[in-house]
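**Student:** dropping the sequence and predicted coords here.
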Amino acid sequence: MLTGQAILRAWILIAFVAHFGIVLGLLSEAFSIAFDGVYALAGAGVISQALSLC
């Protein structure tokens, strides 16, 4: 089982990759990449909500 600190580190990594994907997608005008970044960011938000319940 993962500890809260390990989950938080994973969330930070996911949020960083999501922001990078959004910027890269917008700069290259590849909206599917930007959408994937937004979707990953939404997943990171769900993880943060789950952490706040623990």
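**Tutor:** Perfect, I can see it now. Numbering: from 1, shown residues only.
**Student:** what are the buried residues along stretch 16-24?
**Tutor:** The neighbour-count check on stretch 16-24 (16 or more other C-beta atoms under 10 Å) flags 18, 21, 22 as buried. Bear in mind the C-beta positions are built from the backbone N, C-alpha and C, glycine included.
**Student:** er, stretch 37-47 I mean
**Tutor:** For stretch 37-47, by 16+ other C-beta under 10 Å, it's 37, 40, 41, 44, 47.
**Student:** residue 12: which of these is nearest?
**Tutor:** The shortest approach to residue 12 among these belongs to residue 44, at 8.6 Å (C-beta to C-beta).
**Student:** what's the spacing between that closest one and residue 32?
**Tutor:** According to C-beta to C-beta, to the nearest Å, residue 44 and residue 32 sit 19 Å apart.
**Student:** again, but for residue 17
**Tutor:** 16 Å.
**Student:** same check, this time on residue 39
**Tutor:** Between residue 39 and residue 32 the computed distance is 10 Å (C-beta to C-beta).
**Student:** again, but for residue 52
**Tutor:** For residue 52, the distance to residue 32 equals 31 Å [C-beta to C-beta].
**Student:** what's the answer for residue 51, then?
**Tutor:** To residue 32, residue 51 is 29 Å away according to C-beta to C-beta.
**Student:** just checking, what packs against the strand or helix carrying residue 19?
**Tutor:** According to DSSP states H and E, residue 19 maps onto helix 4-27. Packing contacts for helix 4-27, counted by 3 or more C-beta pairs under 8 Å, 6 or more residues apart in numbering; DSSP states H and E, involve helix 31-53.
**Student:** what lies in contact with the helix it packs on?
**Tutor:** 4, 7-8, 10-11, 14-15, 17-26 (C-beta atoms under 8 Å, 6 or more residues apart in numbering).
**Student:** over to stretch 12-21?
**Tutor:** 33, 34, 36, 37, 38, 40, 41, 43, 44, 47.
**Student:** for those residues, give me TSV that also has pLDDT.
**Tutor:** As requested, these are exported to TSV (pLDDT from 0 to 100):
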residue	pLDDT
33	87
34	88
36	88
37	86
38	89
40	85
41	86
43	84
44	81
47	78
